Structures are given as structure tokens and as C-alpha cells.
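# Provided below are the primary sequence and the corresponding predicted coordinates.
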Amino acid sequence: MNAPAPLPPPANPKLRRMANAIRALVMDGVEKAKSGHPGMPMGMADAATVLFTQFMRFDPKVPDWPDRDRFILSAGHGSMLLYSILYLTGYPDMTIEELQRFRQLGSKTAGHPERGLATGIEVTTGPLGQGISNSVGVALAERILAAQFGGDVVDHYTYVIAGDGCLMEGISHEALGLAGHLKLNKLIVLWDDNSITIDGSTNLSVSDDQIARFKAHGWATQSVDGTNHDEVAAAIKKAQSSDRPNLIACKTTIAFGAPTKAGTHGAHGTPLGAEEIKGARERLGWDSPPFVIPDDVMSEWRAAGSRGAAVRTAWEAKLNALGAEKKAEFLRRMKGGVPADFDAQIDKICADFRAKNAKLATRQSSGAVLDALVPNVPELLGGSADLTPSNNTKAKGMVDVKPGDYSGRYIHYGIREHGMAAAMNGIAAHGGLIPYGGTFMCFTDYCRPTIRLSALSDLGVIYIMTHDSIGLGEDGPTHQPVEHMAALRAIPHLMVFRPADSIETAEAWSLAIKHRDTPSILALTRQGLPLLRTDPSGGNKTALGAYVLAEASGARQVTLMATGSEVAIAMEARDALAKDGIRAAVVSMPCWSLFEKQPEEYRKSVLGTAPRVGVEAQIRFGWDRWLGEKSAFVGMHGFGASAPIEDLYPHFGITAEKVAEAARSLLS
Ligand SMILES: Cc1ncc(C[n+]2csc(CCOP(=O)(O)OP(=O)(O)O)c2C)c(N)n1
């Protein structure tokens, strides 16, 4: 085989050598782990070096400095790029030992960047398309907080590295459209335009004109040689003063420097191997042993890492200039604590519901909760994927966020459920705001991958999912969730609430807002429901996950367990059974995962030992966890149907009579 052509001389030899430090660490880390993706980081090392040494404002010593620039590695498979840079710039928790433990159990250097494992990882990436879509929320949060606290204390950029895969994913369409519409001009995306994916050349599967596409979405675009430091620097500089979000297409070669694998899909996701690494070291002029960075290069990198300290200190002076009260509020918001009188506000909302004692759909109750909370909890940032009047997500007086005007607190996400959810993850990850957003419960499927990431990365996003069962009626089975409660309950670390009345709705809101590290789903009805929790004693019972709403009068013979709209049906069944002298208790179960966390004693006392009937207008999947041997389930057994609600519940046999019948048959 012919010897590979020598590499062309670099635009900036010093920056090339710094970039080669990344390349060496990437090759060595992947090789040692015998697993990982060396290609992308080696291709983008020059552009990333320019970004981190000349533009990014960050301080490794204070990694959570609120006004830091945000960096999102949307091409999360290239995680070693980020880990190497965090090490080189001096993040104390990213040691050389961590790089040597790449992809090992318990390391900070997981296969893909995981938020919370190491400082400097802003969002969890790996599922392609998510990072770039999160970045829209991050950049939007920056603009909104700047409008609220002033451009002196909130003034940072959001930078992204995304690959071909991120741009091919459908979610990117929603994200790009939203960013372009909102004119998020401080968002700067570097596209690793290397024309390679796993299967081979991008020619195999895509002919999109990405530049034209981004332009059509209202973005500013530039194209550069991604290995030319001067071109990359000039493009970023220009992008910084753009009036639109920015794409910088960086033409690169995957596994730049590798003698035989550069430019091939063979370098995407497998270790290069000892021979290839040796050849790459020679071509790159890198003669240090594995994991060793020469002093001169290290000191350049550490100098780049220290650059931000002065900017941060200057920023602290600006924060002080806000005055004590506003400063404290800013810090409270960034830390994520609720306002001091929050519990009192919830108590008042519940007292009002009880005083009115109205029949309300839980989506209406949720709207009323928001009317009361939004003026007092300034971090709430609402929105809906074009179902605002149905989701009741826009509180009275809420002003729209508009292109170029970020003083509002309500976002019309458009018909972009997945993009909305990903933006909300970004907003939550940015800090300072609590995003909530609505759509129909059935369309949780349209944003499920992102809900999963909210949970995986501890982001307290609040999903308002209305029209939660056949109770929505005429729209029919395409819109009627039946398996969705089960599917959502299956996601770990996600609180799925299905409140039974106004009080449980307010309680669920309280919990969702207070749990800043856990996402919540509020599954809400279209149809009106009676107020069941008339007794104000006992505190927030939804926090228990399940509780006895109505005890049997005398020793329990049967326990009726229900959620949401079916709790009222269970209560009716209890009355019917009482007429026959059967003593039934009703257990409301608004949040299974919270109930699972209660002490065994408590759970036993709620569940009792009597036979059980589960009632939920969903499929049975999951219910056997609670039902026990002598039990029955009244719910859905397949898809719903298009008809008025009055016809649907009897048609599917979800009625008080059927519940009472099921209870009687257990006792006979
Ligand atoms: C949603 C999703 N689908 C599939 C994958 C698996 N995957 C990881 S990287 C990759 C190819 C990405 O190509 P590109 O963005 O061009 O990265 P490069 O080959 O340049 O490293 C695929 C399909 C994934 N991580 N996420």
C-alpha cells in the first residue's frame, strides 16, 4: 500500500498541536477501553480547540457559574472529545485517571456524556438529534432570563457540535424551525460535515442540501474548512453578532490524521488499533506516550482554562450591582428552590377549590392552579404544542414569548411535541426556569424519547398531558390513550400523576414544582369530575402516591383501587355495594412510583388484605403489581372508539355497576 499523503500544513501550528493533544487522548482512551468512537473527535479537534481556546467563556474552578457559555456535544458518541477538553482545560473532576477509565463502571467518562456525572456536561447526549434540540431550549432560557434579570448578568452563547446523524433525525426539523422562528441568535451550531455515518458515506442515505435547509428555517449559515483554525475562528466571530441562529458547516475528515482509516466509516465507532495509532502519531508529529501531554501543550490548554476566571469575577461584580434582593432572587432561581410562601399558596388554592366545590375537568383544575401560581412563581415558563385552549396551560395574564422579544412567559411551541419536550429539557438544564408544556396524552408517544431523557438526566420538566382516556370522547381511538399510563409508568425516575379531582391536581402541581430533579407527567381529564377530597386534613396525600380516600364502614371486605377519573366511579360503586351491606374501601392511587417509595407498613395498611378491584380507563398492564391473587380489573382491553363519552364508558364496561359486580363476584 502507498504511504498516506502527508497532512497539509496547519493554519495555526500551535492550535494544531493543542488539537493533536485531543486526538491523542481520544485514540488512547478508546483503545484502552477497547470501545468507543475515535473518528468524530479526531475530525473536529481543530474546530473544538478554536472554540474552547478563543471563544468559550467558562471557569473550570466554578463550573456552574450561571453566566458561562454552554457547550453541547450533540454528537454524543464523540464523548471523548468533551472529556479530553474538560481534562485539558482543568476541570478538577476530570482527571487523567478518568480518561483512562473511559466507559468503565462508575467512571465519569461514560460511553455518552451524562449530565451530572462530571461538571462541564450540560446535557445528556447520545440519542442523535437530542443535543441540538436541547440547545434551542438552552439558548431560549438565556434570552428569557436576560429579559428578566438584564443583559449584564445573563449574556452567554450556546455552542453545539452536531453531526450528520443529528441533522438527519426528525427532531432536528422541529428544533431548527423553532429556533429560527424565535430568532435565537446566540445559538451557534458547528456541524461536523464529514460525510460519513456508520454504514458508510452519507451518499447512501441522504441528499439534503443542509445549508439551504437551515436557511429555509431562518438560520444564518457559513461553510468553512473545519481543520483551518483561522476560518473557524472567523466564522464563530461573525456568528456571534448575527441576528439569527447560526450554522457553521465545518468540512472535516473523520479520524483526521489516521493513516489508513481517516475518511472511512471504519473509524466511526471502533478503536483504531495499535498500528493505526502509531501511524497517526507519526503523521501528527505526536511522540508522547499514551495519556501523556507534553508540558508546553498542557500549559497552553490550562491557560485557556484559566481565561474565564477574570470574566467570572467581573460578572460577580455585575451580579452584586443588581442589589441584594434581585441578586438573592437570581441565585434562588438558578439553584432551583421554590418561593418562600409556596406551600401557603398551594393551601390557598386547595381551600378555594373546596369552597367552590365545583365539578371540574382536571385540565381545568390545572388551569386554575396555574392562574394562581404563575404570578407568584416567576420561574414557571409555560407552553403547549398548539393545544393551548385544550391543555389549559396559559394562565391568565401570561404574555407570549415572541421572536426577538423574550419578556413573555408563554411559548407557542407549534405542532412540535418532540421539539417542545427537547427544548424543555434544555430550559431545565440551563437553570433559572421551570418549563411546563402540554399536548394530548396520546402524543406522549411523539416525545417519549425525550421524556426518557428528562428522567435519565434528572431534569424537573413538567408535562401537562390532557385528554387522558376514552373520556375525551368523539376524537376517537387515535386520540384516546389506553396503554400510555403503563408505558409512562415503565420509565424509571418519572413521576406519573393521574389526579382524581381538583385537590389532587393542585397537590400534583406542588410536587412537580418542588421536585427539581425529577420530571413529572400530569395526566388530566377532558371531562368534568366531582371534588372528592372534601376533608382538608391530612396534608398532601398525593405525595403518598396512594391513600385510602374512603375507608369501609367496618372491617373491609373489598378494596376498590382507582386513579384519575375512575376514582369517582369507584366511589359510586362503594355506595352501591354499601346498599347490599358490602363494606368497600376506595384507594386513590395518583402516583404509583411515589407509593412504591412509602414504607412497607404504610403500603400494607393502604392495600389491606381484602380482595381488590383495580379501576382505570387504561389497559391492565402493570396493575397486577397491586391487585394480588383474588382480584379483578375494570378498564380497557383494547383501543377505544369514537363516540360521546356518555356512550363510551358503558360500552367499555367502565361503570360503577360493573365495578360493584366485579367486587361482588370476588366475594361470592
Ligand atoms: C437516535 C439514534 N439513532 C441511532 C444511533 C446510533 N448511532 C450512533 S452514531 C451514528 C451515526 C452518526 O453519524 P454522524 O453523526 O455522521 O457521526 P460520525 O460518523 O461523523 O461520527 C448512529 C446511527 C444513535 N446514537 N441515536
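Done, it's in.
# Just list the residues touching the closest residue to Val50 other than its chain neighbours, thanks.
Spatially, and ignoring its direct neighbours in sequence, Val50 is nearest to Val232 (4.5 Å; C-beta to C-beta, 6 or more residues apart in numbering). (Each C-beta comes from the backbone N, C-alpha and C, glycine too.) Taking C-beta atoms under 8 Å, 6 or more residues apart in numbering as the criterion, Val232 is in contact with 46-47, 50-51, 190, 224, 226, 248, 250.
# before we move on, what about Gly36?
So Gly36 contacts 29-30, 79-80, 102-103, 111, 269, 271 (C-beta under 8 Å, 6+ apart).
# Please apply the same query to Met420.
Contacts of Met420 were listed using C-beta under 8 Å, 6+ apart, and they are 174, 383-385, 411, 413, 437, 439, 447.
# Against the ligand, how distant is Ala340?
Counting by C-beta to the nearest ligand atom, to the nearest Å, the gap between Ala340 and the ligand amounts to 42 Å.
# Met298 now?
Counting by C-beta to the nearest ligand atom, the separation of Met298 from the ligand is 27 Å.
# what distance separates the host helix or strand of that residue from the centre of its chain?
Under the criterion of DSSP states H and E, Met298 resides in helix 295-320. Once both centres are worked out by C-alpha atoms, centre = their mean, to the nearest Å, helix 295-320 turns out to sit 30 Å from its chain's centre.
# Can you read off the pLDDT for the closest residue to the ligand within the stretch 201-350 of the chain?
When distances are taken as C-beta to the nearest ligand atom, the stretch 201-350 of the chain approaches the ligand most closely through His268, which lies 4.1 Å from it. On the pLDDT scale, His268 is placed at 96.
# when you give positions from now on, start the count at 620
Shifting the count to begin at 620 puts that one at His887.
# so it touches Asp818, yeah?
No - in this structure, His887 is not within contact of Asp818 by C-beta atoms under 8 Å, at 9.3 Å.
# Which residue of those two possesses the greater neighbour count?
With other C-beta atoms under 10 Å as the criterion, His887 and Asp818 differ in neighbour count, and His887 comes out ahead with 22 against 10.
# what are the phi and psi values for that one?
Backbone torsions of His887, given as degrees, to the nearest 10, read phi -70, psi -50.
# can you check Asp1120 too?
The phi and psi torsions at Asp1120 (degrees, to the nearest 10) take the values phi -160, psi -170.
# which residues does it contact?
Residues in contact with Asp1120 (C-beta under 8 Å, 6+ apart) are 979, 981, 984, 1148-1152, 1186-1187.
# Kindly report the same for Asp962.
For Asp962, the contacting residues are Ser1129, taking C-beta under 8 Å, 6+ apart as the criterion.
# Distance check, the closest residue to the ligand within the chain against Gly662.
Nearest residue of the chain to the ligand, counting by C-beta to the nearest ligand atom: Gly782, 2.5 Å away. In this view, Gly782 and Gly662 are 9 Å apart by C-beta to C-beta, to the nearest Å.
# re earlier: model confidence over the helix holding Met917, on average?
Along helix 914-939, the predicted confidence averages to a pLDDT of 98.
# So which other helices or strands are in contact with the following helix or strand past it?
The element immediately downstream of helix 914-939 (helix or strand, assigned by DSSP H and E) is helix 943-954. Taking 3 or more C-beta pairs under 8 Å, 6 or more residues apart in numbering; DSSP states H and E as contact, the helices and strands that helix 943-954 lies on are helix 749-768, helix 914-939.
# Go through the ones you listed and pick out the most buried.
Compared across these, helix 749-768 shows the largest average neighbour count, a mean of 27 (mean count of other C-beta atoms under 10 Å).
# Would you give the sheet partners of the next helix or strand after that helix, along with the direction of each?
The first helix or strand that comes after helix 749-768 along the chain, using DSSP H and E, is strand 777-781. Based on DSSP bridges, the pairing partners of strand 777-781 within the sheet are strand 689-692 (parallel), strand 806-812 (parallel).
# how about the residues of the stretch 820-969 of the chain near the ligand?
Contact residues of the stretch 820-969 of the chain with respect to the ligand, defined by C-beta under 6 Å from any ligand atom, are listed as 873, 887.
# ok, which stretches of the stretch 820-969 of the chain are helices?
829-835, 848-859, 893-903, 914-939, 943-954, 961-975 (DSSP state H, counting those that start in this stretch).
# mind putting those in JSON lines, distance to Ala624 included?
Converted to JSON lines, the helices of the stretch 820-969 of the chain look like this (distance: least, C-beta to C-beta, whole Å):
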{"stretch": "helix 829-835", "distance to Ala624": "28"}
{"stretch": "helix 848-859", "distance to Ala624": "21"}
{"stretch": "helix 893-903", "distance to Ala624": "9"}
{"stretch": "helix 914-939", "distance to Ala624": "25"}
{"stretch": "helix 943-954", "distance to Ala624": "51"}
{"stretch": "helix 961-975", "distance to Ala624": "65"}
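# what's the closest non-adjacent residue to Lys727?
Taking C-beta to C-beta, 6+ apart, and ignoring the residues beside it in sequence, Lys727 has Ala737 as its nearest neighbour in space, at 4.0 Å.
# what does the chain put close to the ligand?
Proximity of the chain to the ligand, by C-beta under 6 Å from any ligand atom, involves residues 656, 658-659, 694, 696, 745-747, 782-785, 788, 811, 813, 815-817, 873, 887.
# From those, keep the buried residues only.
Applying 16 or more other C-beta atoms under 10 Å to the residues of the chain next to the ligand, the neighbour count classes 656, 658-659, 694, 696, 745-747, 782-785, 788, 811, 813, 815-816, 873, 887 as buried.
# List the ones among those residues that fall in strands.
Residues from these lying in strands, with DSSP state E as the criterion: Asp811.
# Enumerate the positions of the helix or strand that contains Ala640 that are buried.
Assigned by DSSP H and E, Ala640 belongs to helix 632-652. For helix 632-652, a neighbour-count test (16+ other C-beta under 10 Å) marks 634-652 as buried.
# ditto for stretch 1234-1249
When neighbours are counted by 16+ other C-beta under 10 Å, the buried residues of stretch 1234-1249 are found to be 1234-1238, 1241-1242, 1245-1246.
# What of stretch 861-877?
Within stretch 861-877, the residues scored as buried using 16+ other C-beta under 10 Å are 861, 863-877.
# now stretch 654-668
The neighbour-count criterion (16+ other C-beta under 10 Å) identifies 655-668 as the buried residues of stretch 654-668.
# How about Ile1122, nearest residue that isn't a chain neighbour?
By the measure of C-beta to C-beta, 6+ apart, the closest residue to Ile1122 outside its immediate chain neighbours is Arg1152, 3.8 Å from it.
# One more: Met1190?
Val1205 (5.5 Å).
# Now for the one you found: which residues touch it?
Under the criterion of C-beta under 8 Å, 6+ apart, the neighbours of Val1205 are 1167-1169, 1178-1181, 1186, 1189-1190, 1193.
# Going by distance to Met713, which of those wins?
Lowest distance from Met713 to the contacts of Val1205 (C-beta to C-beta) belongs to Met1180, with 48.4 Å.
# which SSE is the closest one in?
For Met1180, the enclosing helix or strand under DSSP H and E is strand 1177-1181.
# any idea of the mean pLDDT for that strand?
Looking at strand 1177-1181 alone, the average pLDDT works out to 98.
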